[in-house]
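Chemist: my questions are about this predicted structure, shown below with the sequence.
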Amino acid sequence: MWNKKQEDDRQKQATPPPAPAAVPRPVESAAPRAPMPEPPRTPAILGKSVIVKGQIFSQEDLIIDGEVEGTVSAEGHRLTIGPSGKLHTDGVKAREVIVMGKMNGSVEATEKVYIRKDAHLVGDVTTAGIIIEDGAYFKGGIDIRKP
């Protein structure tokens, strides 16, 4: 006599269990990856207790919180005279100049000059743009040049 249950059991024993599926591997694309942008660099800082007499040439953003007597060149970068900074100079050249402390001397900025509310600037300014906040002291000439 024919028994369906026995026949199903024989088929299960005769067929091997299925092989486990292969784990798919990520396919590397042939297109080159875009380079990761560099994180913003921290500026160089001359602290409150630093006194410099001479010339400063900077290839990065610079913050002056101490005293500097001499020329400062940070062309293509930002120069910041901090709240406790004092700068006596014949000339400053930078992309952007921010004055929060005291500065005597001429400024040449290719983009912008910011004179903050507690700043004290005596000297001529040559720049493409200037912002003088209420409360700032400024004495000198301004020459606006297009970039």
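Modeler: Sure, I can see it.
Chemist: helices of this structure, start to end?
Modeler: Ranges of helices in the chain, per DSSP state H, are 4-14.
Chemist: state the number of residues packed around the residue lying closest to Gly85 once chain neighbours are set aside.
Modeler: Distance criterion C-beta to C-beta, 6 or more residues apart in numbering; nearest residue to Gly85, sequence neighbours excluded, is Gly101 at 3.7 Å. Every C-beta, even on glycine, is put in place using the N, C-alpha and C of the backbone. For Gly101, the count of nearby residues is 22 (other C-beta atoms under 10 Å).
Chemist: now do Pro147
Modeler: Neighbour tally, Pro147, other C-beta under 10 Å: 8.
Chemist: wait, doesn't Phe138 sit right on Ile132?
Modeler: Yes. If you go by C-beta atoms under 8 Å, Phe138 and Ile132 touch, sitting 5.7 Å apart.
Chemist: need the overlap of contacts for the two.
Modeler: Ile115 (C-beta atoms under 8 Å, 6 or more residues apart in numbering).
Chemist: just for the chain, where's the confidence low?
Modeler: Along the chain, the model assigns pLDDT under 70 to residues 1-40.
Chemist: does Gly135 touch Met100 like I think?
Modeler: No. Between Gly135 and Met100 there is no contact under C-beta under 8 Å: 11.6 Å.
Chemist: give me the common contacts of these two.
Modeler: With C-beta under 8 Å, 6+ apart as the test, Gly135 and Met100 both reach Asp118.
Chemist: of these two, who's got more company?
Modeler: Neighbours per residue (other C-beta under 10 Å) separate Gly135 from Met100, with Met100 holding more: 23 against 10.
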